[in-house]
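> Attaching a predicted model along with its sequence, questions to come.
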Amino acid sequence: MAPQDAPTALWPAPVASGAVDATVHVPGSKSVTNRALVLAALASEPGWLRRPLRSRDTLLMAGALRAMGVDIVEGVGPDGTGETWRVLPTGLHGPATVDVGNAGTVMRFLPPVAALADGPVRFDGDPRSYERPLHGVIDALRVLGARIDDDGRDALPLTVHGGGALDGGPVEIDASSSSQFVSALLLSGPRFNQGVEVRHTGSSLPSLPHIRMTVDMLRAVGAQVDTPEAGGEPNVWRVTPGALLGRDLVIEPDLSNAQPFLAAALVTGGKVVIPDWPARTTQPGDKLREIFTEMGGSCELTEYGLEFTGSGAVHGIDVDLGEVGELTPGIAAVAALADSPSTLRGVAHLRLHETDRLAALTKEINELGGDVTETADGLHIRPRRLHGGIFHTYEDHRMATAGAIIGLAVEGVQIENVATTAKTLPDFPDMWTGMLGA
Ligand SMILES: O=C(O)C1=C[C@@H](OP(=O)(O)O)[C@@H](O)[C@H](O)C1
Ligand SMILES: C=C(OP(=O)(O)O)C(=O)O
């Protein structure tokens, strides 16, 4: 949790007057957009991103790469439709400064890129970014040959003294606090002289689908990656050195940002269609089809997209969310409105996300009259009749959308700083009222 009680704008969360029935076009995935930007910047030829997400996290990523000399040109796609970013990897230069905001993808994926630049790159960000774990990336980069000045903090702010190249090779890390440590080292791995071999030594590893996303996207630009899944050693990933191709990539909709809209169908017994839901994806949000079905809905995936229908009943769930941690706030919000208790497990690492999400969800739902307790690795949620009040967001986009879900069913919920949704979904308030007005 973080600075709180500062007077910030309150957004009256709209109550649903009946069953929602809407088609919601969800913008591009944060995780895919930021990986695509990094890979395009490291490629040996230009590439395109079509329908990239334009939000705080992705604009910070683009800004950081531009600061290191990469040319990213905004425009209209070659077919005349949709927004695109053309990425021209013209070199990685320091001195440069990078604002990571509170974007895990920027603070973890870019120090390895900066190690390849030909000068110092200074990293700084929001106060919360100083508290988020970065040791896995810093310590690994030092082993792989980088010089990093962090005044002994093992955290932000820091300076990577890029030497124009990096030896690379084998490295051990404990990525139990964030899968992004593994993704960060793999993404730049093809550009290290010896490639990279990452061995995770911790007891658990969250967000495996996000590591699969990294591997899939690396392979799609021509990298050779060996993984535990492909018959390799458990917890070991190897990336061979080599040039990366420039690609023309259409970014999938952000399925984790589709969550509040699907939740609206579930909570109101309505129907929401998300066009362009991919038939095959590594995004963790795809798991919502299963989770929200177990909680009372049903869905149909067609060529057009996903049609999700609520039954009018919302059930509690006992579920391990370790692989899909970023879905926890939205699931907790639905669980608080369910007809039976829920246990959400496997997400201790959420205490180190945008805010301490376990503490924040417990406090905010309980202040509306709920009965939530924290466990060692998750939440117990016993639904109770809730009442209105201020729902604080702790500068966490997913707290804001979680509060909006509760507000659909509870009069008088006011979301503090709904603008924090700009991290990944700047149009959220308009999309939400649009869905309800549809
Ligand atoms: O690699 C990524 O794009 C992400 C990985 C996950 O991070 P953690 O493994 O730190 O939970 C996820 O929660 C985050 O929203 C995005
Ligand atoms: C944990 C999240 O973000 P980040 O990429 O900053 O880690 C999230 O979006 O839920």
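Arrived safely. Ligands and ions are numbered 1, 2, ... in the order given.
> count of neighbours near residue 202?
Number of residues near residue 202 (other Cβ atoms under 10 Å) recorded here: 15. All C-beta atoms are positioned from the backbone trio N, CA, C, and that covers glycine.
> Revised request: answer the last question for residue 263.
29.
> Return the residues in contact with it.
292, 330, 333-334, 405 (Cβ atoms under 8 Å, 6 or more residues apart in numbering).
> and what of residue 281?
Residue 281 sits next to 252, 255 when contact means Cβ under 8 Å, 6+ apart.
> what about it, distance to residue 255?
Using Cβ to Cβ, to the nearest Å, we find residue 281 at a distance of 7 Å from residue 255.
> Packing partners of the helix or strand bottoming out on mean pLDDT in the chain?
The helix or strand of the chain with the poorest confidence is strand 71-76; it has a mean of 89 (mean pLDDT, DSSP states H and E). Counting contacts by 3 or more Cβ pairs under 8 Å, 6 or more residues apart in numbering; DSSP states H and E, strand 71-76 is packed against helix 56-67, strand 83-88.
> mind running it again at 6 Å?
strand 83-88 (3 or more Cβ pairs under 6 Å, 6 or more residues apart in numbering; DSSP states H and E).
> quick one: contacts of the strand it packs on?
40, 46-50, 52, 71-75, 77 (Cβ atoms under 6 Å, 6 or more residues apart in numbering).
> Could you single out the nearest of the residues you listed to residue 322?
residue 52 (28.6 Å; Cβ to Cβ).
> The closest one belongs to a helix?
No: counting by DSSP: H, G, I helix; E, B strand; the rest coil, residue 52 is located in no helix; its state is coil.
> Now residue 49. Nearest residue, chain neighbours left out?
residue 85 (4.5 Å; Cβ to Cβ, 6 or more residues apart in numbering).
> For ligand 1, what's its nearest residue on the stretch 1-150 of the chain.
As assessed by Cβ to the nearest ligand atom, ligand 1 sits closest to residue 31 within the stretch 1-150 of the chain, at 3.2 Å.
> returning to what we had before: now render the contacts of strand 83-88 as TSV, adding distance to ligand 2 and neighbour count.
Shown next, in TSV, are the contacts of strand 83-88 (distance: Cβ to the nearest ligand atom, whole Å; neighbours: other Cβ atoms under 10 Å):
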residue	distance to ligand 2	neighbour count
40	19	27
46	26	16
47	22	22
48	23	20
49	18	27
50	22	18
52	16	30
71	25	14
72	20	19
73	25	11
74	22	11
75	26	10
77	26	17
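> ok, so of those, who is nearest residue 113?
residue 40 (11.6 Å).
> wait, what's in contact with the closest one?
47, 87.
> Repeat that for the one 3 residues further on.
The contact partners of residue 43, by Cβ under 6 Å, 6+ apart, come to 89, 244, 246.
> So residue 317 sits against residue 297, correct?
No: with contact defined as Cβ atoms under 6 Å, residue 317 does not count as touching residue 297 (11.8 Å).
> With respect to ligand 2, which of the contacts of residue 263 is nearest?
When these are compared for distance to ligand 2 (Cβ to the nearest ligand atom), residue 330 wins out at 10.0 Å.
> Put together CSV for the contacts of residue 43, with pLDDT and neighbour count on each row.
Conversion of the contacts of residue 43 to CSV gives the following (pLDDT from 0 to 100; neighbours: other Cβ atoms under 10 Å):
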residue, pLDDT, neighbour count
89, 96, 21
244, 98, 22
246, 97, 19
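> So which elements touch the helix or strand containing residue 112?
In this assignment (DSSP states H and E), residue 112 forms part of helix 104-114. Where contact means 3+ Cβ pairs under 6 Å, 6+ apart, helix 104-114 is packed against helix 56-67, helix 180-188.
> Is there proximity between the helix or strand following the last one and ligand 1?
The reference is to helix 180-188. Using DSSP H and E, the helix or strand that follows helix 180-188 towards the C-terminus is strand 196-200. No: Strand 196-200 is not in contact with ligand 1 by Cβ under 6 Å from any ligand atom; minimum separation 11.8 Å.
> contacting residues around the helix or strand following strand 196-200?
Reading on from strand 196-200 to the C-terminus, the next helix or strand found by DSSP H and E is helix 208-220. For helix 208-220, contacts defined as Cβ under 6 Å, 6+ apart pick out 35, 179, 182-183, 186, 225, 227, 282, 284, 323.
> cutoff 7 Å now
Outside of helix 208-220, the residues within contact range by Cβ atoms under 7 Å, 6 or more residues apart in numbering are 31-32, 35-36, 39, 179, 182-183, 186-187, 225, 227, 239, 247, 282-284, 323-324.
> repeat for stretch 149-158
Here stretch 149-158 makes contact (Cβ under 7 Å, 6+ apart) with 100, 107, 123-125, 129-130, 134-135, 138, 148, 159, 161.
> Can you add pLDDT and distance to residue 231 and give these back as JSON lines?
Converted to JSON lines, the contacts of stretch 149-158 look like this (pLDDT from 0 to 100; distance: Cβ to Cβ, whole Å):
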{"residue": "100", "pLDDT": "98", "distance to residue 231": "36"}
{"residue": "107", "pLDDT": "98", "distance to residue 231": "33"}
{"residue": "123", "pLDDT": "98", "distance to residue 231": "37"}
{"residue": "124", "pLDDT": "98", "distance to residue 231": "42"}
{"residue": "125", "pLDDT": "98", "distance to residue 231": "39"}
{"residue": "129", "pLDDT": "98", "distance to residue 231": "38"}
{"residue": "130", "pLDDT": "98", "distance to residue 231": "40"}
{"residue": "134", "pLDDT": "98", "distance to residue 231": "32"}
{"residue": "135", "pLDDT": "98", "distance to residue 231": "30"}
{"residue": "138", "pLDDT": "98", "distance to residue 231": "31"}
{"residue": "148", "pLDDT": "98", "distance to residue 231": "34"}
{"residue": "159", "pLDDT": "98", "distance to residue 231": "40"}
{"residue": "161", "pLDDT": "98", "distance to residue 231": "38"}
